[in-house]
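[1] quick check, what structure comes out for this input:
(3 chains)
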Amino acid sequence: MLYKLLCFFTRWFFKNKVSLLMVCLQSLIILFLMVLGFSHLKEPTSYFPSIFLICMFFMGQFFLIESHNKFAQQKILQALILTGASPTQLYIALLSISLAWVFAIEVMLWLLLHVFFQASVIIFTPLLCLIFLSGSLSYVALGILFYGFSVFSRVHQTLVMILFFPLCIPLFLFFHHALSTAIEVSSKPNVAPLLGMNLLFVFSAMLLYEFVTEDLT
Amino acid sequence: MKLWLPISILLSIAFATIFLYAPMEKTQGVVQKIFYIHVSSALTMYVGFFIAFVSSILYLVKRENKYHWRSNSAIEVGYLFCCIVLVTGPTWAKPIWGDYWTWEPRLTSTFILWLIFTGYLLFQGYLKENQKKAPVISSIIAIIAFLDVPLIHFSVRLWRGVHPTVIRNKDGLTSSMTVTLVLTLVSMLCLFAYLFRHRLFLEKLEQQILERQS
Amino acid sequence: MNTLAYFMLGYAFFLIVLFAYLYRLDKKQQEIKQLLQELKK
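    Numbers count the residues shown, from 1 in each chain, chains lettered A, B, ... in the order given. Model prediction:
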């Protein structure tokens, strides 16, 4: 079932790729504004983690809002649950596909950051990939849980955003810490808090997703 | 509901102890006495949020409305104490540190906690119209918010660890200070219990109205 | 400003918040009781 769900979501995302991509690329506007504000800095590389996180936050929000909007319009999640998918399977499938999507856009944003700020060396290591993945994991995990409210009980998405932001602050602080230590050559990157947070949030959000979807099962 | 009398007597005794019995701190002067309500409010706030966390879990497991009312009331009263902590803190900090606000770990984490529960209460106001699913959603939010508390503390410490600006030297408390603090804490907890009970009672009355209307 | 002023400010805020909240609860209680009575009629 999980495999089928994964295939379904892959196809669904592929089908809706244009609109989702357009929405995600709105974060380029924010990136441009950042370039406007910070281009005078002599060493912009040290500001990359902060700039990247701001763009990533908005990109993630746009993505979650748009995808859940479409789910609500097309009644996709309800239909999948009625066809027999368990909430946990649905959650895992949705999480893995969304994570892949967010990760791909993050890599793109990170590379664009170097291009826009005319950095002399492009910093992109496997360790950075791990940090991107683990940083977006709990972000997407919580996002799917919270934006699930808007699909299953018609809660307004702006309200979700208000609630979601303060909950994400520790994640951003960990993410910032990991990124800024990773791009410095001398220091040792610290990914452990991010991984610990992922473990806590992915597990608890997976358990709680059952309650979000309960009326339909 | 005649509990307000012993509570107010207890609070008056605590205040009298703060003003008359507790010793004057040598370097900070009289302003140090904010410490007693500041710290006891902070602890009471955590008690409130913890009650909300436990009753939210109980609600999701048992599906009895009383647990939802408990968590809702505990968060509202806990939020009140959070506001007190956030305002008494800066009034104490201004004469001592020279600034109302510094991005010191404890201040920052309390502020983030305040933001989260402001979001929760805003959400609550909206959810009233969305009755059926409201208890489940608010329980989920309360659980995630409480799980966030240790992470907030840890992350903020990590963040400020990179740029240390404020160093707080705290001498140990004298015995009379400890007595005053414990007394204030006990009276604060009683105050919390009273407000919590009152709020819970209102929640039940509201439910009666909803039942009659339907 | 004198430290005493800050000290007074802190306590005043505590009392103001407390009484404002109690007032709010009381008002809400009265409203609800009134509504209940109306519904009973």
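
[2] which bits of chain B sit near chain C?
    Taking C-beta under 8 Å from any C-beta of the partner chain as the contact definition, chain B meets chain C at B:28-31, B:33-34, B:37-38, B:41, B:80, B:83-84, B:87-88, B:91-92, B:94-95, B:191, B:195, B:198-199, B:201-202, B:205-206, B:208-209, B:212-213. Any C-beta I mention is one placed from the backbone N, CA and C, and that applies to glycine too.

[3] low-scoring stretches of chain C, by residue?
    Scanning chain C for pLDDT under 70 picks out C:1.

[4] can you rerun that using 50?
    For chain C, no stretch has pLDDT under 50.

[5] so which residues of it form helices?
    Ranges of helices in chain C, per DSSP state H, are C:3-40.

[6] what comes up buried for stretch A:158-169?
    Judged by neighbour count (16 or more other C-beta atoms under 10 Å in any protein chain shown), stretch A:158-169 contains these buried residues: A:Leu159, A:Val160, A:Ile162, A:Leu163, A:Phe164, A:Pro166, A:Leu167, A:Cys168, A:Ile169.

[7] ok, the first one - contacts?
    It refers to A:Leu159. B:Leu122, B:Phe123, B:Tyr126 (C-beta atoms under 8 Å, 6 or more residues apart in numbering or on different chains).

[8] repeat that for 10 Å
    By C-beta atoms under 10 Å, 6 or more residues apart in numbering or on different chains, A:Leu159 lies in contact with A:Phe146, A:Phe149, A:Ser150, B:Gly119, B:Leu122, B:Phe123, B:Gly125, B:Tyr126, B:Leu127.

[9] quick one: buried ones out of the residues you listed?
    For these, buried by 16+ other C-beta under 10 Å: A:Phe146, A:Phe149, A:Ser150, B:Gly119, B:Phe123, B:Leu127.

[10] and the second one, how far is that from chain B?
    Counting by C-beta to the nearest C-beta, to the nearest Å, the separation of A:Phe149 from chain B is 5 Å.

[11] ok, and that residue, which helix or strand is that part of?
    Taking DSSP states H and E as the criterion, A:Phe149 maps to helix A:126-152.

[12] how many residues are close by residue 38?
    Going with chain A. Residues lying near A:Phe38 (other C-beta atoms under 10 Å in any protein chain shown) number 15.

[13] chain C, not that one
    Based on other C-beta under 10 Å, the number of other residues close to C:Glu38 is 10.

[14] average pLDDT for the helix or strand where A:Met108 lies?
    Take DSSP H and E as the rule and A:Met108 turns out to sit in helix A:87-116. For helix A:87-116, the mean pLDDT works out to 91.

[15] tell me which residues of it come out buried.
    For helix A:87-116, a neighbour-count test (16+ other C-beta under 10 Å) marks A:87, A:89-103, A:105-106, A:109-110, A:112-114, A:116 as buried.

[16] now stretch B:56-68
    Buried, per 16+ other C-beta under 10 Å, within stretch B:56-68: B:Ser56, B:Ile57, B:Leu58, B:Tyr59, B:Leu60, B:Tyr67, B:His68.

[17] quick check, the last one in contact with B:Pro135.
    Yes - under the criterion of C-beta atoms under 10 Å, B:His68 lies in contact with B:Pro135, with a separation of 3.9 Å.

[18] which residues of chain C lie near chain B?
    For chain C, the residues in contact with chain B (C-beta under 10 Å from any C-beta of the partner chain) are C:1-18, C:20-22, C:25-26, C:28-29, C:31-33, C:35-36, C:38-40.

[19] run through chain B and note the low-pLDDT ranges.
    Using pLDDT under 50, chain B drops low at B:162-169.

[20] got a list of what C:Phe7 touches?
    C:Phe7 is in contact with B:Phe19, B:Gln28, B:Gly29, B:Val30, B:Val31, B:Gln32, B:Lys33, B:Ile34, B:Thr88, B:Thr91, B:Trp92, B:Pro95, counting by C-beta under 10 Å, 6+ apart.

[21] the helix or strand encompassing the last one vs helix C:3-40, what angle?
    Right, the one you point to is B:Pro95. Using DSSP H and E, B:Pro95 falls within helix B:65-97. Using axes from the mean of the first three to the mean of the last three C-alpha atoms, to 10 degrees, the inter-axis angle of helix B:65-97 relative to helix C:3-40 is 160 degrees.

[22] pull out the buried positions in helix B:65-97.
    Buried residues in helix B:65-97 (16+ other C-beta under 10 Å): B:67-96.

[23] Three-state assignment for the residue of chain A most remote from its centre, please.
    In chain A, the greatest distance from the average C-alpha position (C-alpha atoms, centre = their mean) is reached by A:Lys42, at 30.2 Å. Here A:Lys42 is coil, with the state taken from DSSP: H, G, I helix; E, B strand; the rest coil.

[24] ramachandran angles for it?
    phi -80, psi -40 (degrees, to the nearest 10).

[25] ok, now which ones touch it?
    When contacts are counted by C-beta under 10 Å, 6+ apart, A:Lys42 touches no other residue.

[26] surely A:Lys75 and A:Thr83 touch.
    No - under the criterion of C-beta under 10 Å, A:Lys75 lies out of contact with A:Thr83, with a separation of 11.9 Å.

[27] check chain C for the residue nearest chain A and tell me.
    C:Val17 (21.5 Å; C-beta to the nearest C-beta).

[28] isn't that residue right next to B:Leu191, touching?
    No - using C-beta under 10 Å, C:Val17 is not in contact with B:Leu191, being 11.5 Å away.

[29] any shared contact partners between these two?
    Joint contacts of C:Val17 and B:Leu191 (C-beta under 10 Å, 6+ apart) are B:Ser41, B:Leu80, B:Phe81.

[30] helix or strand for the closest residue to B:Leu10 other than its chain neighbours, which one?
    Distances taken as C-beta to C-beta, 6 or more residues apart in numbering or on different chains place B:Ser187 nearest to B:Leu10, at 4.4 Å, with adjacent residues excluded. Per DSSP H and E, B:Ser187 falls inside helix B:175-213.

[31] so that helix versus helix C:3-40, what angle?
    Taking the same axes, to 10 degrees, helix B:175-213 and helix C:3-40 form an angle of 20 degrees between their directions.
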